[in-house]
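**Student:** Quick one: sequence and predicted model below, then my questions.
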Amino acid sequence: MKISTFRRAKEHYNLLVLGAGAGGLAVSSHFSRTLPKGNVGIVEPSSVHYYQPGFTLVGGGIFPKSHFTRKEELLIPSNATWIKDSVGRILPEKQIVETLEGKEISYNFLVVATGVQLRFDLIEGLEDGLSMNNNKVICTYSPNTVEQVYRAFEKFEKGRAVFTFPNAPIKCPGAPQKICYLFDDYLRSTGKRENAEIIYNTILPRIFAIEKYSNVLTKYAESKNINVNYRTNLSKIDPIKRIATFDILNESLLPTGEIKKMEYDLLHVGPPCSPVEGLINTAKNNDGLTDKNGFIDVDKNTLQSKKYNSIFGIGDCTNFPSPKTAAAVSAHFKAIKYNLQRVMDGGSVKQIYDGYTSCPLVLSRNKCILAEFNYDGPIETTPFDQSKPSYIAFLGKAYGFPKLYWDYLLKGHWGGPATIRKILHLGMSK
């Protein structure tokens, strides 16, 4: 392994990992086993770690938030050093990371895994609406708001419920419609569905990006009398009058000038997301590490920085062109585990990542569609048609995938289902 003698900063690590979410912990857990103790540093400000894919189930009243919550200190690998701080900015030319508290940390190799931040502030009135005690504006995405969702379900008696998907990057893009379906399921189970009008407004030209699953979901929404409006973007909320304002978009997802106002009795907002402040600050350097928005600019098949060979990005903070999900992170990890080691050893990277991602689309408290796809389209793990709603898929979402996450991915032992897929398809699958 080639070790640089670069030591200008006060703290130095052979491998520095920014973020201890799914991607950051997978990478740091693996390399803290292969590198000597103290070679891996992790910059992470939070003391609590959430299994965020479970938040839809919390909002649907299936599990409490505590079921998907762990202390971060129990997940940080013992051979790694935890720097409990936030990223201020990255200076890739100097191989230095500045933290929010003023530390300078140098590195030989860097993996950026900072995720994204929720941007409630980008929709006028949303922060005020979420802070009100009447539970009329809700959101499953934040640990601070997710528990309000099911309470709002219980309080709902009649009227119009609106669910939205934003015209901005968003993590887990299936979540806004999943919670819509769970709301419908809840109303039917409590005998209140006939008193409700349910609307799903999305900026997309169809209900889901992949046609195979979109066709099934469109028919499902129709069967449940859920009204879907396309190319419709939430721009403003008046939480006092309970009026939501939407921009009608053209094919390029730009406002046409037409607006639509909707009164609501319940409004669930899929929030816009952006890179964390440290990456937004880094983008101002204009040094080629990020794109103009602050996402790490990586090769879509190797996840290596397009400009800096010693830097990789994993997960939501990168600009890879697939939906941002925990399942994508597992396949990212497989690619980075191999490619980063190759770079450490003086070798070249391989195009390993094929765009794999997955979205378990929960339809009710016992049915789920397990959407799996890559850059080329559907690529399902089982030999069965996963676009058909099933109880087995729901069990995977509720119980199997959380176990994979906690016990395997975060410990650096899970690189996605590619091997399982090949076995189940008798070697005939990629």
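**Tutor:** Arrived safely.
**Student:** what's near enough to touch the residue nearest the centre of the chain?
**Tutor:** The residue lying closest to the centre of the chain (Cα atoms, centre = their mean) is residue 171, at 3.3 Å. The neighbours of residue 171, taking Cβ atoms under 8 Å, 6 or more residues apart in numbering as the test, are 52, 115-116, 141, 273, 316, 324-325. To be clear about C-beta, it is placed using only N, CA and C from the backbone, and glycine gets the same treatment.
**Student:** Bridged to it, which residues?
**Tutor:** When bridges are called by DSSP bridges, residue 171 pairs up with residue 324.
**Student:** Pairing partners for residue 234 in the sheet, please.
**Tutor:** Taking DSSP bridges as the rule, residue 234 bridges to residue 246.
**Student:** Tell me how many other residues crowd it.
**Tutor:** 27 (other Cβ atoms under 10 Å).
**Student:** where does it land on pLDDT?
**Tutor:** Looking at residue 234, its pLDDT is 99.
**Student:** centre of the chain versus the lengthiest helix in the chain, how much separation?
**Tutor:** In the chain, taking DSSP state H as the definition, the longest helix is helix 326-344. Taking Cα atoms, centre = their mean, to the nearest Å, one finds helix 326-344 lying 17 Å from the centre of the chain it belongs to.
**Student:** now do stretch 135-144
**Tutor:** Taking Cα atoms, centre = their mean, the mean C-alpha location of stretch 135-144 is offset from the chain mean by 16 Å.
**Student:** Span of it from start to end?
**Tutor:** One end of stretch 135-144 to the other measures 13 Å (Cα to Cα, to the nearest Å).
**Student:** buried stuff in the lowest-mean-pLDDT helix or strand in the chain?
**Tutor:** The helix or strand of the chain with the lowest confidence, counting by mean pLDDT, DSSP states H and E, is helix 418-424 at a mean of 90. Under the neighbour-count criterion of 16 or more other Cβ atoms under 10 Å, helix 418-424 has 418, 421, 424 buried.
**Student:** picking up where we left off before, as a whole number, average confidence for the longest helix of the chain?
**Tutor:** 98.
**Student:** export it as PDB, just CAs?
**Tutor:** What follows is helix 326-344, C-alpha atoms only, in PDB (Å, rounded to 0.1, in the frame of the first residue of the first chain):
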ATOM      1  CA  ALA A 326     -30.200   2.800   0.800                       C
ATOM      2  CA  ALA A 327     -30.300  -0.100  -1.700                       C
ATOM      3  CA  ALA A 328     -28.200   2.000  -4.100                       C
ATOM      4  CA  VAL A 329     -25.700   2.500  -1.300                       C
ATOM      5  CA  SER A 330     -25.100  -1.200  -0.900                       C
ATOM      6  CA  ALA A 331     -24.200  -1.500  -4.600                       C
ATOM      7  CA  HIS A 332     -22.100   1.700  -4.300                       C
ATOM      8  CA  PHE A 333     -20.200   0.100  -1.400                       C
ATOM      9  CA  LYS A 334     -19.400  -3.000  -3.500                       C
ATOM     10  CA  ALA A 335     -17.800  -0.800  -6.200                       C
ATOM     11  CA  ILE A 336     -15.900   1.400  -3.800                       C
ATOM     12  CA  LYS A 337     -14.600  -1.500  -1.700                       C
ATOM     13  CA  TYR A 338     -12.900  -2.800  -4.800                       C
ATOM     14  CA  ASN A 339     -11.900   0.400  -6.500                       C
ATOM     15  CA  LEU A 340     -10.600   2.300  -3.500                       C
ATOM     16  CA  GLN A 341      -8.400  -0.700  -2.600                       C
ATOM     17  CA  ARG A 342      -7.100  -0.700  -6.200                       C
ATOM     18  CA  VAL A 343      -6.200   2.900  -6.000                       C
ATOM     19  CA  MET A 344      -4.600   2.400  -2.600                       C
END
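**Student:** name the helices or strands packed onto the helix or strand that it is followed by?
**Tutor:** Using DSSP states H and E, the helix or strand that directly follows helix 326-344 along the chain is strand 357-362. Under the contact definition 3 or more Cβ pairs under 8 Å, 6 or more residues apart in numbering; DSSP states H and E, strand 357-362 sits against helix 175-189, helix 326-344, strand 368-374, helix 391-395.
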